[in-house]
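Undergrad: quick one, what's the 3D model for this:
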Amino acid sequence: MKAPYVAFIMMGAGMIFGIAEATDIPEAPHMLDVLTAGTLVDDIYIGSDTTPTISVMLSEPDGEVMLYSDPQCLTPLSAPAAVNDAITPYQVEVKTHQLAEGPHTIHARHTKSLQSECSAASVMYHVIPPMAATYRVTFTGAFTTDALAPGVGVPGGAHFTTLVGGIHNSGITFWERGGIASAGTEQMAETGRTGDMRAEVAAAIPDATTVLVQGIPSGGTPSGVFEVMITGEHASVTLASMVAPSPDWFVGTSGLPLLESDGTWSHYKNVHLYPYDAGTENGEEFSLSNEATIPHRPITSLRDSGKFAGESIATILFERLSLVSNLGQTGSGALFVGHSPDAAAQGFRTGAADGGYRLQSVTAMFGDSAGVPGDLEVSIMTTDGNMPGMVLGTLEGANPHAAGLHTFTHKDGIHLEANTNYYVVFDVPEYVPASAYRLLFTDSDMVDSGTTPGWSIADELLGDIHDTHKDGSWKISVHGVITE
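TA: Residues are numbered from 1 along each chain as shown. I've put the predicted structure just below:
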């Protein structure tokens, strides 16, 4: 953008007005994205990269770009980056200074000569501690007449092909609705082969970490199960499977986030899958070997279109696995924590892994809090007789004011010995009378499926609770990994 100025030229007794142009004032950057976040959730980038790379889109070249933490662009978050170094025209990638854990709003300024404007556009990035989670993934086909338009029958040989995709960060997209199919997406959607997409994921490293390939049983209603490891730096999952027979139809997930907007792991995510048209091959029937679409069209949804009705044709379920959990058991009541000096404690026992375990987080189920209680402190303790003993570590997390699951994390992990009893303790050191958190418990002595062999949760509640529920258990889930 060029700012005009008025030149006054004297000619005898008269005055002539002329228009000239001053030094360029560049337009403010108009789009910012975080390329190295773990994922994108509700317009908030989330990840454990503490020096993320920010992509800044500009309206014009030259000059330099800096990042700032405020809308006036007074507090810098990066060194200047020259626009001449842009990897594509009018785009610059800028690495931030070290960011603390928590949410950050990032602005950018594009400077040419001494003129510049701070961007009205900004991007939100939430830094989380380094962490990992294991998920059990279940693909279930539903290629039946329920998923098809009225009068359309299931074709002979209906099936889904091998699932292919990868685990990656926010900086890469392998397919998306409205985008043009890559060679890998085209091959998968037209033939069910996976070689090209596997190569695309492998070539995206370090933006991607894992190539996913999982066979699916034959038929229109198969079920396939596998496990994946997700980290805070790479918390997005892309998968795809051909709907066969078809010209170029497929189902899948594109950059599915397994982190919630508050930076905690998703515990249970069931995704209904609807067919897409890859836009690479003509045809409206359940048939193969059709003419190519030239030029390729954008990927479009076939939900409620052509052969398909509004019902999903498959589902894919992500369940976070735990060392031990009873969150799935029937609840019986709640204990108020924080209105008195009494803490709540729940015992658990580790399994027999020779190297022990590294506890990463604890998730507990809460009801709505009462009043305005003080800060909740969650600790892992040894045992001293039948009571909590020494503190091994304190977990971090937001106060659980709203009903639901709340996760508390230890940045470095806490080592736990094999075949040993421990406690997770919930305490409010600065208690407030008539204000409390509601910690839920269950009278069931069962643990959830997926619990690591040998792990258990004690059938005893420690806290200010009526004797009739003393043999219950706080509703918790302990997450971590086996130490090699």
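Undergrad: quick one: the strands in the stretch 101-250 of the chain?
TA: 102-112, 115-118, 123-127, 132-141, 159-160, 163-168, 208-214, 223-231, 236-244, 249-257 (DSSP state E, counting those that start in this stretch).
Undergrad: now do the shortest one: distance to the chain's middle.
TA: By that I understand strand 159-160. 28 Å (Cα atoms, centre = their mean, to the nearest Å).
Undergrad: show me what that strand is packed against.
TA: On a contact count with 3 or more Cβ pairs under 8 Å, 6 or more residues apart in numbering; DSSP states H and E, strand 159-160 meets strand 132-141, strand 236-244. Backbone N, C-alpha and C define where each C-beta goes, glycine included.
Undergrad: okay, the angle between the shortest one and strand 223-231?
TA: What it means is strand 236-244. 160 degrees (axes from the mean of the first three to the mean of the last three Cα atoms, to 10 degrees).
Undergrad: what strands flank strand 236-244, and is each parallel or antiparallel?
TA: If you go by DSSP bridges, strand 236-244 pairs up with strand 159-160 (antiparallel), strand 163-168 (antiparallel), strand 249-257 (antiparallel).
Undergrad: show the average pLDDT along the shortest one.
TA: Pointing back at strand 159-160 there. Averaged across strand 159-160, the pLDDT comes to 98.
Undergrad: which residues does Thr452 contact?
TA: For Thr452, the contacting residues are 322-324, 351, 482, by Cβ atoms under 8 Å, 6 or more residues apart in numbering.
Undergrad: select from those residues every entry located in helices.
TA: Taking DSSP state H, every one of those sits outside helices.
Undergrad: tell me which of those residues is nearest to Ala345?
TA: Val324 (15.6 Å; Cβ to Cβ).
Undergrad: give me the beta-bridge partners of that closest one?
TA: Val478.
Undergrad: cool, Leu317 as well?
TA: Thr138, Asn270.
Undergrad: tell me the contacts of it?
TA: In this structure, Leu317 makes contact with 137-138, 140, 268-271, judged by Cβ under 8 Å, 6+ apart.
Undergrad: now Asp368
TA: 401-403, 438.
Undergrad: how does it look with 6 Å?
TA: Ala403 (Cβ atoms under 6 Å, 6 or more residues apart in numbering).
Undergrad: what's the neighbour count on Leu58?
TA: 23 (other Cβ atoms under 10 Å).
Undergrad: and what of Thr330?
TA: 10.
Undergrad: from here on, call the first residue 332.
TA: Understood, numbering begins at 332; the last thing we discussed is Thr661.
Undergrad: roughly how far does it sit from Ser804?
TA: From Thr661 across to Ser804, the span is 12 Å (Cβ to Cβ, to the nearest Å).
Undergrad: picking that back up, can you put the strands of the stretch 432-581 of the chain in JSON lines and add mean neighbour count?
TA: Below are the strands of the stretch 432-581 of the chain laid out as JSON lines (neighbours: other Cβ atoms under 10 Å):
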{"stretch": "strand 433-443", "mean neighbour count": "20"}
{"stretch": "strand 446-449", "mean neighbour count": "17"}
{"stretch": "strand 454-458", "mean neighbour count": "22"}
{"stretch": "strand 463-472", "mean neighbour count": "20"}
{"stretch": "strand 490-491", "mean neighbour count": "24"}
{"stretch": "strand 494-499", "mean neighbour count": "26"}
{"stretch": "strand 539-545", "mean neighbour count": "18"}
{"stretch": "strand 554-562", "mean neighbour count": "16"}
{"stretch": "strand 567-575", "mean neighbour count": "26"}
{"stretch": "strand 580-588", "mean neighbour count": "22"}
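Undergrad: return the member of those having the minimum mean pLDDT.
TA: strand 446-449 (a mean of 76).
Undergrad: now for that one, which elements pack on it?
TA: strand 433-443 (3 or more Cβ pairs under 6 Å, 6 or more residues apart in numbering; DSSP states H and E).
Undergrad: before we move on, the earlier item: adding distance to Ala609, write the helices and strands packed on strand 490-491 out as TSV.
TA: Output for the helices and strands packed on strand 490-491, formatted as TSV (distance: least, Cβ to Cβ, whole Å):
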stretch	distance to Ala609
strand 463-472	19
strand 567-575	9
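Undergrad: ok, back up a step: go through the strands paired with strand 567-575 and name the closest to Ala368.
TA: strand 580-588 (9.8 Å).
Undergrad: quick one: that closest one to strand 463-472, angle?
TA: 160 degrees.
Undergrad: just give me how far strand 580-588 sits from the chain centre.
TA: Distance of strand 580-588 from the chain centroid (Cα atoms, centre = their mean) equals 14 Å.
Undergrad: list of residues touching it?
TA: Contacts for strand 580-588 (Cβ under 6 Å, 6+ apart): 370, 372, 506-507, 520, 567-574, 602, 604, 606-608, 645.
Undergrad: just stretch 700-718 next, same as before
TA: Against stretch 700-718 from outside (Cβ under 6 Å, 6+ apart): 669, 719-726, 730, 732, 739, 745, 752, 754-759, 761, 763, 765-768.
Undergrad: of these, select the buried ones using a PyMOL command.
TA: What follows is the PyMOL syntax selecting those of these that are buried according to 16 or more other Cβ atoms under 10 Å:
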select buried, resi 669+719+723+726+730+739+745+754+755+756+757+758+759+766+767+768
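Undergrad: so which of the contacts of stretch 700-718 belong to strands?
TA: 719-726, 739, 745, 752, 754-758, 767-768 (DSSP state E).
Undergrad: any low-confidence regions in the protein?
TA: Scanning the chain for pLDDT under 70 picks out the ranges 332-359, 361, 416-419, 444-446, 795-801.
Undergrad: circling back: adding distance to Thr773, write the contacts of Thr783 out as CSV.
TA: Formatted as CSV, those follow (distance: Cβ to Cβ, whole Å):
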residue, distance to Thr773
Ser653, 15
Leu654, 18
Val655, 14
Gly682, 21
Ile813, 26
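Undergrad: please work out how many residues are found near the closest residue in space to Arg508 that isn't next to it in sequence.
TA: Of all residues not flanking Arg508 in the chain, Ile630 sits nearest, at 5.5 Å (Cβ to Cβ, 6 or more residues apart in numbering). Ile630 has 22 neighbours, counted by other Cβ under 10 Å.
Undergrad: distance check, Ile630 against Val668.
TA: According to Cβ to Cβ, Ile630 and Val668 sit 50 Å apart.
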